[in-house]
Every structure is written in structure tokens, then in C-alpha cells.
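S.K.: predicted model and sequence below, questions to follow.
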Amino acid sequence: MVAASLQQGRRAARGAPARPVTTVKCASEVGQGVTTTRLFCDVIISDKAADSVLVTLPPHRGTARLMFDLHNRLAVPPESGLPAPTYSRNTSIVSVIGPKGEIGRAAAVSEFRTAADLYDRVAGTAPNSVKAVAPGPATAVEITIPAGVTSTGIVGARLDVLTRLGKQSYETPGRPIAIVSNVRVEYTPPR
């Protein structure tokens, strides 16, 4: 099996070069991590791969493994002199879809109180600035892609948010509910 990494052209397992690079197309790019330098993409509620995160797989035989890190998409309050009392418990549910429908599901559950609960911050447009949206802790996801499938999408299904004000659920198409990073594929090249 060969692993094709989407993050910086890394070499595959066992030192073999990555075969044709898997293509990831983000409908909404969050940006690059300040610490990790990872590229973060929004996962948007949709039933179409192109409306969220579209992953094109290289030619392969048999099944392939799609792997990625799923993060809750957290709104970070501005840092000021006094910390605001902040708490949220987020549960993001995403689907991996193929041309014939859903292939698998994954969920990320995390709590946010302070910036220490974040996986990374995302670089802002001004020098030394960060965005008000950041990825929560990473949940490793692995989905087996059936033979013959050449493209998949990572799309949002639902977001549940519990705060001190109560619980809210979101299922409206077009809403970003999670973040993905470190998307990669393991596959057996064609003969």
C-alpha cells in the first residue's frame, strides 16, 4: 500500500514516494495553522462533495483508506485584560460521501474553555494576528473507500453545541460545522 499525503508532499510509508498526489479541494479554506503549519478546511453541511471538502483519489485497485483529522470549529473570544467566562461542548457529525451516497460517518466531541483547549490557532491576514475561529482537539478518522470510487466528499451532517445558555443543534445546509486537516489516502496502485 502507498500513502499519499496531502499536507506538504511527505513521503509514504516504507520510504516509497507518494504516487499521484491526492487532490483536496476546500470550498472554504480556514487557513494555515500558526504552530503546526497545517492547512485547515471548513466542513460545510451539504449533500454535495464540491460544496464542502472534495477528495479525489489516485487510480487504485481494491479498497482505499481515507484518513483525516476532524476538529470542532470553535469561535474564540478576543483576548482582553479580563478573561470572559466561556464554555462550550461541541459535537460535530460529518459524512464521507461517494457518487452513490454515504460511505461512512465520523464525530468529534470536545469542550472549550480557554485557548489551551485549542489544537492550533489560524493565521490572520494582518502580521502576527490570528483568526477568531480555531480548530479544537484532533479526532483521527479512518474510512474505508470501496473499490472503484475515485472521489469522495467530507460534508457536515449536524452540529450540537451546549453552552451555559442551553443546547442548540444546527443542520442548515451551507453552515460550516467542523474543520479537517491532515487529509491522506492509503491505496494499492494499479498494476
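M.R.: Noted; the coordinates are in hand.

S.K.: just the buried positions in the helix or strand where Gly104 lies, please.
M.R.: Element membership of Gly104, judged by DSSP states H and E, is strand 101-112. Residues of strand 101-112 classed as buried: Ile103, Gly104, Ala106, Ala107, Ala108, Ser110, Phe112 (neighbour count, 16 or more other C-beta atoms under 10 Å). Placement of C-beta: from N, CA and C, glycine included.

S.K.: quick one: strands adjacent to that strand?
M.R.: Here strand 101-112 is paired, per DSSP bridges, with strand 88-98 (antiparallel).

S.K.: on that earlier part again, go through the buried residues of strand 101-112 and say which is closest to Ala134.
M.R.: Phe112 (9.0 Å; C-beta to C-beta).

S.K.: who's in contact with the strand holding Gly104?
M.R.: Strand 101-112 has contacts (C-beta atoms under 8 Å, 6 or more residues apart in numbering) with 70-72, 74, 86-97, 117-118, 136-137, 139, 141, 143-146, 149, 152, 157, 178.

S.K.: from the residues you listed, which would you call buried?
M.R.: With neighbours counted by 16+ other C-beta under 10 Å, the contacts of strand 101-112 contain buried members at 70-72, 74, 86, 88, 90-97, 117-118, 136-137, 139, 141, 143, 145, 149, 152, 157, 178.

S.K.: that older thread, what residues does the helix or strand that the strand holding Gly104 is followed by touch?
M.R.: The element immediately downstream of strand 101-112 (helix or strand, assigned by DSSP H and E) is strand 133-135. Contact with strand 133-135 is made by 30, 33, 40, 71-76, 115, 118-122, 179, 181, as judged by C-beta under 8 Å, 6+ apart.

S.K.: run the last query once more with 10 Å
M.R.: Residues from elsewhere that reach strand 133-135 (C-beta atoms under 10 Å, 6 or more residues apart in numbering): 30-31, 33-34, 36, 38, 40, 42, 69-76, 108, 110, 112, 115, 117-122, 176, 178-181.
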